[in-house]
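Novice: Show me how the following folds:
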Amino acid sequence: MFDNQVLAQVLWLGYVIAEVSCPTRYFPEASSINFRRSVKYGFGCLATAARFRLAKWGLLRSPMFPLSARDYAQNSAPGSTQ
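Specialist: Sure, this is the predicted structure:
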């Protein structure tokens, strides 16, 4: 869940995320996650997304999404008008 929390914080601060594609091959030995752990991970991702959306709507205050840091990042971004 840590990776999704970092991505949500990056978006919260107003940064752009880009993708770099790379070829991937999947085979049975490549993953060690079982069904139970994958469900837990999935619900953790949904919880992070819900916290992000509620904070963006102003319905939730969260240390993960501090309002002051978001304002600072948006006002100090290159090309922003102050």
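Novice: Please tell me the pLDDT value assigned to residue 4.
Specialist: Here the pLDDT value assigned to residue 4 is 89.
Novice: With residue 34 instead?
Specialist: 87.
Novice: Now do it against residue 28, distance only.
Specialist: 13 Å (CB to CB, to the nearest Å). Quick note: C-beta positions are derived from backbone N, CA and C, even for glycine.
Novice: Looking at these two, which is more packed in?
Specialist: Neighbours per residue (other CB atoms under 10 Å) separate residue 34 from residue 28, with residue 34 holding more: 9 against 5.
Novice: Phi first, then psi, for that one.
Specialist: phi -100, psi 180 (degrees, to the nearest 10).
Novice: need the contact list for it.
Specialist: Listed by CB atoms under 8 Å, 6 or more residues apart in numbering, residue 34 has no contact partners.
Novice: In this protein, where is pLDDT below threshold?
Specialist: Within the chain, the stretches with pLDDT under 70 are 1, 69-82.
Novice: for it, which helix is longest?
Specialist: helix 35-56 (DSSP state H).
Novice: who touches it?
Specialist: 1, 4-5, 8, 11-12, 33, 60-62, 64-65.
Novice: Show me which pair in the residues you listed is furthest apart.
Specialist: Greatest spacing in those, by CB to CB: 33 and 61 (32.4 Å).
Novice: which ones among the contacts of helix 35-56 are found in strands?
Specialist: Per DSSP state E, strands hold no members of the contacts of helix 35-56.
Novice: Now for residue 45, how many residues are close by?
Specialist: The tally of other residues near residue 45 (other CB under 10 Å) stands at 16.
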